[in-house]
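>>> Return atomic coordinates for the entry below.
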Amino acid sequence: MPRAVVIGGGIGGLTSGIALRGQGWDVTVLERAPKIDPVGSGLGIAANALKALDTVGLGDRIRKLSKIQGQVGIRRRDGRWLVHTTPDAAEARYGDSAVVMLRATLMEVLAGALGDDDLRLGVSVSGVDADSGVVHTDEGDLQADLVVAADGIRSKTRHMLFPQHPGPAYSGVTAWRGLIPRGDLDVRSMESWGRGLIFGVHPLNGDVVYVYATDVLPAGTVFGDEREELLRRFGDWHEPIPGLLRAADPADIIRNDVYSFDTPLPAFHRGKVALVGDAAHAMTPNLGQGACQAIEDAVVLAHLAGRARGTADPGHGYLAAYTAARLERTSKVMRQSMSICRMTKLRNPVAIWLRDLGMSVAARALPDMMLKSMDEVLRWHPPVTADGSDQDQGPAVLRPRRN
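Numbering: from 1, shown residues only. Reported below is the predicted structural model:
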């Protein structure tokens, strides 16, 4: 049985381990933290990622543990809708809607599906030999037929493989995230845009609301009280934003500067090593596709590795196929997300007026504009063989399925 070592126990790493094991690989996932401790508060799982999770038997469980978004879209700071859509419209177009959930819940599901036997916590990786597949750890060396680097945006493995790549760059915005009790507030999913500012609201299962916000600030800016900073920026915006912020516990608000790739990598593999998730294509959160693309990476890589298992593939051609399947797609998603990020950073009143007017007019002229703009992202399906089957019968021919 071929052996895979996965570096990193985040969403991409855990999903990779589960998917590879399902394709007949012996898997070891290494995580340097002593426990699975998800960074962040909430996240969205879009139709493309739900379909990917279906291939590893977890899609329905995630749907049951999460909340389907209601009417979603973009509003102005005064509450007027600029563009919106509904989950029914999304499901009719893509065969699924988007769900939102606690990041901790997703991590718990993934870690539980992988199991303790294949997950080693508190193990630090000091280096990887891409040609031999040897992973150097503080507990000794591991030999692998495939090394999956899911070690995040500051990936040491990526730097080792592609030392000339500039790595992540500051996007120009900082982001707050938090979980707040709903109480008696009327809370619906939405994102509101202002002058260089964003505030997003998504109710989760139970009496919990996931909120996030961004502002244009120099990297490394420090504040003493993050909730007070949010109230200063958003206290006069439409409800329920001020009400939620007043109800927030300052200890539950976290903030991080947003970094992403300006330049795509030349490849997602070298030797016996493949990169997934933020290690491969760190992007801004504006499309909500960071975790979704990591999940896609994992199932595509596992599909190709499963087809190659047991075949004579000394050159690891399936890894070249992985790059071919993922590099162009994720680069487009990165660019689209950054394009939206640039729109949200506008501060000039005339530019903001033109932006908002353009979205409003386009939405009236094309009622499905919001969904249509996401077609290339959300109409993706997991890979299948040329005849549409998914049985292990030799090398895969990747193609998308269409609704």
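
>>> check contacts around Val29.
Val29 is in contact with Val6, Gly8, Gly9, Gly13, Leu14, Ser16, Gly17, Leu114, Asp118, Leu119, Arg120, counting by CB atoms under 8 Å, 6 or more residues apart in numbering. Just so you know, the C-beta spots here come from the backbone N, C-alpha and C atoms, and that holds for glycine as well.

>>> try 10 Å this time
Taking CB atoms under 10 Å, 6 or more residues apart in numbering as the definition of contact, the neighbours of Val29 are 4-10, 13-14, 16-18, 20-21, 110-111, 114-115, 118-121, 123, 148, 150.

>>> Using neighbour counts, trim these to the buried set.
Neighbour-count burial (16 or more other CB atoms under 10 Å) is assigned, among the contacts of Val29, to 4-10, 13-14, 16-18, 20-21, 110-111, 114, 118-121, 123, 148, 150.

>>> residues in contact with Glu191?
Taking CB under 10 Å, 6+ apart as the definition of contact, the neighbours of Glu191 are 72-75, 82, 198-202, 212-213, 286, 288, 344.

>>> right, and Asp60 touches Leu50 too?
Yes - here Asp60 lies in contact with Leu50, judged by CB atoms under 10 Å, at a distance of 9.2 Å.

>>> related to what we said a few turns ago, filter the contacts of Val29 down to just the ones in helices.
Secondary-structure check on the contacts of Val29 using DSSP state H: residues within helices are Gly13, Leu14, Ser16, Gly17, Ile18, Leu20, Arg21, Leu110, Ala111, Leu114.

>>> Show me what counts as buried in stretch 330-350.
Those would be Thr330, Ser331, Val333, Met334, Gln336, Ser337, Met338, Ile340, Cys341, Thr344, Lys345, Leu346, for stretch 330-350 by 16+ other CB under 10 Å.

>>> Check the offset of it from the chain's centre.
How far stretch 330-350 lies from its chain's middle: 17 Å, per CA atoms, centre = their mean, to the nearest Å.

>>> Check stretch 104-116 too.
Centroid separation between stretch 104-116 and its chain, computed with CA atoms, centre = their mean, is 16 Å.

>>> Next: stretch 179-190.
For stretch 179-190, the gap between its own C-alpha mean and the chain's C-alpha mean amounts to 23 Å (CA atoms, centre = their mean).

>>> Just the endpoints, please. Distance across that stretch?
End-to-end distance of stretch 179-190 (CA to CA, to the nearest Å): 15 Å.

>>> mind checking how far the closest residue to Pro240 other than its chain neighbours is from Arg76?
With CB to CB, 6 or more residues apart in numbering as the measure, Leu185 is the residue that lies nearest to Pro240, at 4.4 Å, once sequence neighbours are left out. Here the criterion is CB to CB, to the nearest Å. By it, Leu185 lies 20 Å from Arg76.

>>> could you point out the longest strand in this structure?
Longest strand of the chain, by residue count under DSSP state E: strand 169-181.

>>> Report the rounded mean pLDDT for the helix or strand that comes right after that one.
On the C-terminal side of strand 169-181, the nearest following helix or strand under DSSP states H and E is strand 190-193. When pLDDT is averaged over strand 190-193, the result is 96.
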